[in-house]
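Asker: The following comprises the amino acid sequence and a computationally predicted model.
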Amino acid sequence: MMNFVVKTIANAGALAVAVWLLDKITLTGDSTGKKVGTLLVVALIFGLVNFLVKPLVQLLSLPLLILTLGLFTLIVNALMLLLTSWLADKFDLSFHVEGFWTAVLGGLIISIVSWALNVILPDRD
């Protein structure tokens, strides 16, 4: 359970960095508390998308992953971020990613920051 909480916090931090760095990834809210709450819910959605959908997409795109020596992973990450944005919109959350190339850059930022945070944060169950 602790590992799940740590990974969710790392995802929320990585999403916050992407929102901060990219103008076309937006998170709106009336107060800081509401923004943090929205960010945590979006991080949960992002974690679920990465847990449930991403392995299937990677399996189906395995030939492209091999052909591009793994660079197609950037496209898969962008698609997972766009799916998260779409789901956040369906749940009436104020998180939005505007455009595919923004999602590619956002996915790259989120991957790097999430990796760094997972190295720093404790990993225990």
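Answerer: All right, it came through fine. Keep in mind that what you see is a predicted model, and the values were worked out from it rather than measured.
Asker: Quick check: pLDDT value at the spatially closest residue to residue 47 that is not a sequence neighbour.
Answerer: Of all residues not flanking residue 47 in the chain, residue 11 sits nearest, at 5.5 Å (C-beta to C-beta, 6 or more residues apart in numbering). Glycine gets a C-beta too; all of them are placed from N, C-alpha and C. pLDDT for residue 11: 90.
Asker: cool, the one 3 residues further on as well?
Answerer: The confidence metric pLDDT takes the value 94 at residue 14.
Asker: in which helix or strand would I find it?
Answerer: helix 2-21 (DSSP states H and E).
Asker: Same question for residue 64.
Answerer: With DSSP H and E as the test, residue 64 turns up in helix 62-67.
Asker: Identify the residues contacting that helix?
Answerer: For helix 62-67, contacts defined as C-beta atoms under 8 Å, 6 or more residues apart in numbering pick out 58, 72, 73, 76.
Asker: Can you say which of these are buried?
Answerer: Taking 16 or more other C-beta atoms under 10 Å as the criterion, what is buried in these is 72, 73, 76.
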